[in-house]
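Peer 1: for reference, the sequence and a predicted model appear below.
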Amino acid sequence: MPTHSEPKKITTHTLAKMKASGEKISMITAYDFSFARLFDAAGIDVVLVGDSASNVMAGYETTVPITLEQMIYHGQCVVRGIHRSLVVVDMPFGSYQSNSDIALASAIRIMKETGAHSIKLEGGAEVVDSIQKIVSAGIPVMGHLGLTPQSIYKFGTYTVRAKEETEADKLRADALLLQQAGCFAIVFEKIPAALAKEVSESLSIPTIGIGAGNDCDGQVLVMHDMLGINNEFKPRFLRQYANLQDTIDNAVRQYIRDVKSKDFPSEKESY
Ligand code: KIV
């Protein structure tokens, strides 16, 4: 008889129960083993291997360039650090937009090669066929509406979406379509809080907000933003929980001084 049990793993069903009971869902991005392990141990509900890896890991200006192979690599690294959290891997630009067969093939590769529990993709009516096909194959899908960064060249800016009634109506309709297509949750990025509240209350599946107010069923932040690894990025929606840029800068400067002055390594730090 075991004396203690493993912590219960988070599944898509856990998230549905959390929405029903009013418990908010916590989600954060991760791209490697070490941070995934820390976030999982801290008790985060969902770890998103975001295609924001294109920005924060690869240094590109947009999420457009990152490839399926690169996302699979980041997914594999994250999954090795996870015991409890639900892992979602973003489908990168170009891996699902052409047609639903290509979308399914890409989703299957992500699931088989990373060991992740689900995938996320951006868009509404345009991608519903693909979502249905992926869900029918047994793969849980998270949707993503509002600001969809893979379409940045269509939008032209990263400002708040769905402020106009026509776009808000499309978001309402898209959210319902995604729910009907079988999505287990939807990310709302940078939309008015009142709209996010209204649509979240109208859906039976959980919504996860980023820049979408306090009435979504959960919240997500990019780890580099919330940990203050890049202090230049300070959008209104961001709450910064640490200032790792300064911490790391101070540590590395001190290390350089210690090496140059021959203070490091000391006798105790030598064999
Ligand atoms: O790629 C990402 O980090 C995301 C979040 C902003 C939701 O999609």
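Peer 2: Noted; the coordinates are in hand.

Peer 1: count of residues packed around the residue in the chain positioned nearest to the ligand?
Peer 2: As assessed by Cβ to the nearest ligand atom, the ligand sits closest to residue 50 within the chain, at 2.5 Å. Bear in mind the C-beta positions are built from the backbone N, C-alpha and C, glycine included. Neighbours of residue 50 under the rule other Cβ atoms under 10 Å: 29.

Peer 1: bridge partners for the nearest residue to it once chain neighbours are set aside, pull those for me.
Peer 2: Once flanking residues are discounted, residue 50 sits nearest to residue 29: 4.2 Å by Cβ to Cβ, 6 or more residues apart in numbering. Taking DSSP bridges as the rule, residue 29 bridges to residue 48.

Peer 1: returning to that earlier point: look up phi and psi at the residue of the chain closest to the ligand.
Peer 2: phi -80, psi 150 (degrees, to the nearest 10).

Peer 1: can you pull out the helices in the stretch 1-150 of the chain?
Peer 2: Along the stretch 1-150 of the chain, counting by DSSP state H, counting those that start in this stretch, helices occupy 12-21, 33-42, 53-56, 68-79, 100-114, 128-136.

Peer 1: compare those and report which one is nearest to residue 198.
Peer 2: helix 12-21 (15.5 Å; Cβ to Cβ).

Peer 1: which other helices and strands contact the closest one?
Peer 2: If contacts are counted by 3 or more Cβ pairs under 8 Å, 6 or more residues apart in numbering; DSSP states H and E, helix 12-21 sits against strand 25-29, strand 86-90.

Peer 1: could I get these as JSON lines with mean neighbour count, distance to residue 154 and mean pLDDT?
Peer 2: Shown next, in JSON lines, are those (neighbours: other Cβ atoms under 10 Å; distance: least, Cβ to Cβ, whole Å; pLDDT from 0 to 100):
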{"stretch": "strand 25-29", "mean neighbour count": "23", "distance to residue 154": "23", "mean pLDDT": "99"}
{"stretch": "strand 86-90", "mean neighbour count": "27", "distance to residue 154": "18", "mean pLDDT": "98"}
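
Peer 1: any chance of these in a markdown table, with distance to residue 244 too?
Peer 2: Putting these into a markdown table (distance: least, Cβ to Cβ, whole Å) gives the following:
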| stretch | distance to residue 244 |
| --- | --- |
| strand 25-29 | 14 |
| strand 86-90 | 23 |
